[in-house]
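> here you go, sequence then predicted model.
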Amino acid sequence: MRRSISAAVLATGLLAGCASQGEMERGEVYDPIEPANRLVFAVNETLDTFILQPTAYVYRGTVPDPVRDMVRNFLVWLQSPVILANDLFQGEWKAAENTVSRFVANAPFFGFVDNASGLGLEYRDEDFGQTLATYGVGDGPYIVLPLLGPSNARDVVGRVVDVFLDPINYAKGGHPLDTDDDVDTFQMGRRIVGAVDFRARNFDAINELKETSVDYYARVRTIYKQRREALIENGNPPAGAGGTGSSGEFDQYVPGGQPAERRRSTTPSS
């Protein structure tokens, strides 16, 4: 099982490195399996329409803003070890210091209260997909993942590595792929709550995007590329990056609930 996963990661990494450079240089999204991606995208949208969107609507309407903020703060706090590891992998020592300081400042209330921002410690996020990009690994083919949504070959590898970087998974018995009902239930609940919270915070933006897009699939694909490029480039994507088709809606939002321009800096943007 572990060998199979390692082989899959290696194969996906090779795909990322072998992506069509011509496509990438023109700022386009390399999408060689578009028919399959559109099929998965359609299934995901059906689940969003009938399950996630109604759940997010109820969550937004019944849970007070301060409580939703506490939930979001807790989810962000849990990400700290993975963020720290990727800060270190990228050699961003000041960012690593900021991540540790935020974790310690918010620890007394288990992350539910964001003391750190009041101390001038701004939130920033990192993942292994971004780390690979800083070492020159290209996007690779665009991939729509079941339930998880838009991604690419490089970021799929990043997702797998981030699982191994999350210390909570080692509570299963020494290896993140081992099984433990309590840990597995907690991690599943964490992801479900995160998805509902994200959908609730972006409820109107996503619905408007659906209604106004001539080709919603293509619009989301472009927005995903633009957002990832902005995160990789510390919130400042190269001139002309991302192509056309997005006016900036929704791509400023990230899983931690902070605007993208605040993620990669320890001080507010001027």
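Perfect, thanks for sending it.

> from residue 141, how far out is residue 33?
Separation of residue 33 from residue 141 (Cβ to Cβ, to the nearest Å): 7 Å. C-beta here means a position set from N, CA and C on the backbone, and glycine is covered the same way.

> the two: who's more crowded?
Counted by other Cβ atoms under 10 Å, residue 33 and residue 141 do not tie: residue 141 has more neighbours, with 23 against 13.

> phi, psi for that one please.
For residue 141, the backbone dihedrals (degrees, to the nearest 10) come out as phi -60, psi 140.

> just checking, it touches residue 152?
Yes. Contact criterion Cβ atoms under 8 Å: residue 141 and residue 152 qualify, at 6.5 Å.

> what residue ranges in the stretch 101-250 of the chain score low on pLDDT?
By pLDDT under 70, the weakly predicted segments of the stretch 101-250 of the chain are 174, 234-250.

> would you list every one of the helices in it?
Using DSSP state H, counting those that start in this stretch, the helices of the stretch 101-250 of the chain run over 115-118, 128-134, 153-165, 181-201, 203-212, 216-232.

> and residue 92, what's its pLDDT?
Residue 92 carries a pLDDT value of 95.

> what's near enough to touch it?
Residue 92 is in contact with residue 126, counting by Cβ atoms under 8 Å, 6 or more residues apart in numbering.

> at which residues are the strands of the protein located?
Taking DSSP state E as the test, the strands found in the chain are 142-145, 149-152.

> pipe these into TSV and attach mean neighbour count and distance to residue 198 per row.
Formatted as TSV, the strands of the chain follow (neighbours: other Cβ atoms under 10 Å; distance: least, Cβ to Cβ, whole Å):
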stretch	mean neighbour count	distance to residue 198
strand 142-145	21	15
strand 149-152	22	10
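
> distance check, residue 109 against residue 68.
For residue 109 relative to residue 68 (Cβ to Cβ), the value is 16 Å.

> and what of residue 101?
25 Å.

> what residues of stretch 32-48 count as buried?
34, 37-38, 40-41, 44-45, 48 (16 or more other Cβ atoms under 10 Å).

> can I get that stretch as CSV, trimmed to CA atoms?
This file holds the C-alpha atoms of stretch 32-48, laid out as CSV (Å, rounded to 0.1, in the frame of the first residue of the first chain):
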residue,chain,number,x,y,z
PRO,A,32,-5.0,17.5,-21.6
ILE,A,33,-7.7,15.4,-19.9
GLU,A,34,-10.5,18.1,-20.1
PRO,A,35,-13.4,15.7,-20.9
ALA,A,36,-12.6,13.7,-17.8
ASN,A,37,-12.1,16.8,-15.8
ARG,A,38,-15.4,18.2,-16.9
LEU,A,39,-17.2,15.0,-15.9
VAL,A,40,-15.7,15.1,-12.4
PHE,A,41,-16.4,18.9,-12.2
ALA,A,42,-20.1,18.2,-13.0
VAL,A,43,-20.3,15.6,-10.3
ASN,A,44,-18.7,18.0,-7.8
GLU,A,45,-21.1,20.8,-8.8
THR,A,46,-24.1,18.5,-8.3
LEU,A,47,-22.9,17.7,-4.8
ASP,A,48,-22.4,21.4,-4.2
